[in-house]
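Undergrad: here are the coordinates; sequence isn't available:
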């Protein structure tokens, strides 16, 4: 549509050469463009016409040549190996955020929606897929080896959701209860491995249809595994693309955590078919709406399909605490962030958009209640379908449905960065407890000392030992301080804030309130998610220097009876962080002893082999505990791991998928060059990408300098898929002190190649974070900063700042607490003094 007379048309276009372009007004003859002026920096092209194009509608025709690139973005080629061992390429797309313009010239912005009629001319023995169903397939006149495949017209949609794939695939199919044809496409010969994802997808579509009360709008949906794929998956409307490891499950060789991951990713991408695809964010500033929402509802969906996963407890450890860790930094950013250049768009695909976004939506859902929340969602989706919306639009719909001040509350969570620390103390007054609450911004560097006083509207819930699972009081804290009276609470009863760890804040209890909560951890009367939250809050308060790390170590020892996987998983992460910190001291061995002491009782209870009646979470816990004990050098675990590994390699007795990671990491950590060679051989022989990744992630555990170099060289070899190189290098950096130095040097020495490979994607940020986050002295922060000043990576600029901040925080933590920690470890081992 020409809205006003002009002799120029400006559109997005990147790495494309236009040969001819013409414009034909409706019912008039075409005018050929005479000039093409490319603005490469802005990824735009201006087409100039010799005469003025008048107002009205017409047809723009463009003949162009593009490149099937190797950058995992735009229209690119993905390398795969056929069952007979030949190397071949598939042609696939990845357009989000700003790469449709690499496949065809277009108006590549989420709010400029259109319908798409797509035809592909492809070799006749290849599968060709796009967003819609095939409506025609005919021989191509000029070449009998080609066919022209024509797809149905799409609904009105954004360019970043258009997709096409050409390659060799097998598939499995089913119809969902509501009649949608669902297919899962797999590499040739691996159709079986698509069955798990197919079951999840067929259950999930009706779940969302019912939840939103809006039907899935297309006739079909395809889920397809792509060999070279940068993200985990991409929600293209009707043709969702995945990394192989996010879609394929082999009943024999896939571990429990892979099943869970596939279920979550399928749930996430299918949620986008409504939230994102049917209703799209107005501009990338509102990306968090898409991603935060899908990252929240994927858990709701998995909880519906697999209640035995206890997935909401895992949410707290996987998303909530991760977001809080990042959001406590000075270099965090608000959920809503204004975005200009494409490189700034890439940068916001981070833990704030996804995990903090999901966490505040979880808090909001809890505050509104499920019924009104669903009503509001339906209002929103119906009002804006096939259109675009901003954050405010969602608040308005939810406000209408619930009658609560949603916008006022939520603006404090999305428009300002950070979150509050709530300090609470209690005073007994006869039969009542009087609580005093104070909120201040929580900072990773210690007590907040800023000039301004940011304030949040915080939904607070409080429970007591009377009923730990039920809120005695719920209130919206909308000022800096608040005094509450809890009636009929005896002096010996404890009080806990943030029931279910739903509110996005941290809590600091007065010493006596904390003291009274410790027995509730030991006797498990506090629910798992609350035990986890309490421990995690304490750990982050110690990290920030608000309390002593020794206090937290004492609390960690109260978890001896802990049965819950997720609680252990979070505890294990925190001990890992502490362990990395103490690798910079000369008493690193002492923390290994502490880890062995904390984990050996549960290790003995679990043993190596699954017992009858165990489920998903037991398998995850066993893997976690054995891996932790093995890495720390627990003698019995190490011996058993070596024995089982030997049987596995000799083909006597295959290791179950759930035991492979812990065994591999244990034997590598305490292994030599023979061990490494054996692992590399297993890697070469592995048919499944999941097994290759499993090995790639643990190779960095090896500790001899010359073997560390070998692993780093392997990371960039042909043996490792480009998207997986990052986790190999990251594994080396996280494996040992020597590994950390070596990995950082390797990244600097190979910067050019790595940057060319990943620039402008989130993989470059991930690489930097994994490599340098574990350092702990001021000099290193300066070195990292200097390196990226002379080797700029625009889309990772904020990541670099966050890493430098983390290094300085680690250094301060070490200075402050190392000696106390050392003393505590020594005194734990000392024999009790004779009286």
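TA: Received the coordinates, thanks. Quick caveat: nothing in here was measured; it's all calculated off a predicted structure.

Undergrad: from now on I want contacts and neighbour counts done on CA atoms only, so please keep to that.
TA: Fine.

Undergrad: give me the domain ranges for this structure.
TA: Per the record, the chain has its domains at 1-66, 81-273, 283-415, 419-518, by the TED database.

Undergrad: which of the ones you listed sits closest to residue 718?
TA: domain 81-273 (11.8 Å; CA to CA).

Undergrad: gap between the two ends of that closest one?
TA: End-to-end distance of domain 81-273: 31 Å, with CA to CA, to the nearest Å as the criterion.

Undergrad: how about stretch 325-344?
TA: Stretch 325-344 end-to-end distance (CA to CA) = 22 Å.

Undergrad: check stretch 376-392 too.
TA: Span of stretch 376-392 from end to end, CA to CA: 13 Å.

Undergrad: how about stretch 415-423?
TA: Start-to-end, stretch 415-423 (CA to CA) is 23 Å.

Undergrad: and stretch 744-753, how far from the chain's centre?
TA: In terms of CA atoms, centre = their mean, to the nearest Å, the centre of stretch 744-753 is found 25 Å from the chain centre.

Undergrad: hmm, I typed the wrong one, I wanted stretch 182-202.
TA: With CA atoms, centre = their mean, you get 23 Å for stretch 182-202.

Undergrad: quick one: which of the domains of the chain is nearest residue 723?
TA: Closest among these, once you apply CA to CA, is domain 81-273, at 5.4 Å.

Undergrad: tell me the mean pLDDT over the closest one?
TA: Averaged across domain 81-273, pLDDT comes to 96.

Undergrad: who's in contact with residue 590?
TA: 822, 825 (CA atoms under 8 Å, 6 or more residues apart in numbering).

Undergrad: kindly report the same for residue 810.
TA: 581, 774, 775, 776, 777.

Undergrad: I figured the second one hits residue 580, correct?
TA: Yes - using CA atoms under 8 Å as the test, residue 774 is close enough to residue 580 to be in contact (6.5 Å).

Undergrad: common neighbours of those two, please.
TA: Residues within reach of residue 774 and of residue 580 at once, by CA under 8 Å, 6+ apart, are residue 734.

Undergrad: please report how far residue 481 lies from residue 588.
TA: For residue 481, the distance to residue 588 equals 42 Å [CA to CA].

Undergrad: how about residue 741?
TA: Distance, residue 741 to residue 588, using CA to CA: 17 Å.

Undergrad: repeat that for residue 120.
TA: From residue 120 over to residue 588 the distance is 60 Å, taken as CA to CA.

Undergrad: repeat that for residue 83.
TA: Relative to residue 588, residue 83 is positioned 47 Å away (CA to CA).

Undergrad: which one of those two has more residues nearby?
TA: residue 588 (16 against 12; other CA atoms under 10 Å).

Undergrad: so who does residue 778 touch?
TA: Residue 778 touches 807, 808, 811, counting by CA under 8 Å, 6+ apart.

Undergrad: of those residues, closest to residue 439?
TA: Ranked by distance to residue 439 (CA to CA), the contacts of residue 778 are led by residue 808 at 25.9 Å.

Undergrad: are we agreed that that closest one is in a helix?
TA: Yes - applying DSSP: H, G, I helix; E, B strand; the rest coil, one finds residue 808 inside a helix.

Undergrad: can you pull out the low-pLDDT segments for the stretch 401-550 of the chain?
TA: Scanning the stretch 401-550 of the chain for pLDDT under 70 picks out no residues.

Undergrad: helices of the stretch 701-835 of the chain, start to end?
TA: When assigned using DSSP state H, counting those that start in this stretch, the helices of the stretch 701-835 of the chain occupy the ranges 705-715, 725-735, 737-749, 751-758, 762-772, 778-790, 797-829.

Undergrad: just name the most buried of the ones you listed.
TA: helix 725-735 (a mean of 26; mean count of other CA atoms under 10 Å).

Undergrad: got the angle for it vs helix 751-758?
TA: Helix 725-735 runs at 130 degrees relative to helix 751-758, counting by axes from the mean of the first three to the mean of the last three CA atoms, to 10 degrees.

Undergrad: the chain should start at 23 in everything you say after this.
TA: Yes, from this point I'll number from 23; that puts the last item at helix 747-757.

Undergrad: next, the angle from helix 747-757 to helix 759-771.
TA: Using the same axes, to 10 degrees: helix 747-757 against helix 759-771 is 140 degrees.

Undergrad: which stretches of the stretch 423-572 of the chain form strands?
TA: Applying DSSP state E, counting those that start in this stretch to the stretch 423-572 of the chain gives strands spanning 442-451, 454-463, 480-486, 495-499, 503-508, 517-519, 528-531.

Undergrad: now the angle between strand 480-486 and the fourth one, please.
TA: Calculated by the same axes, to 10 degrees, strand 495-499 forms an angle of 150 degrees with strand 480-486.
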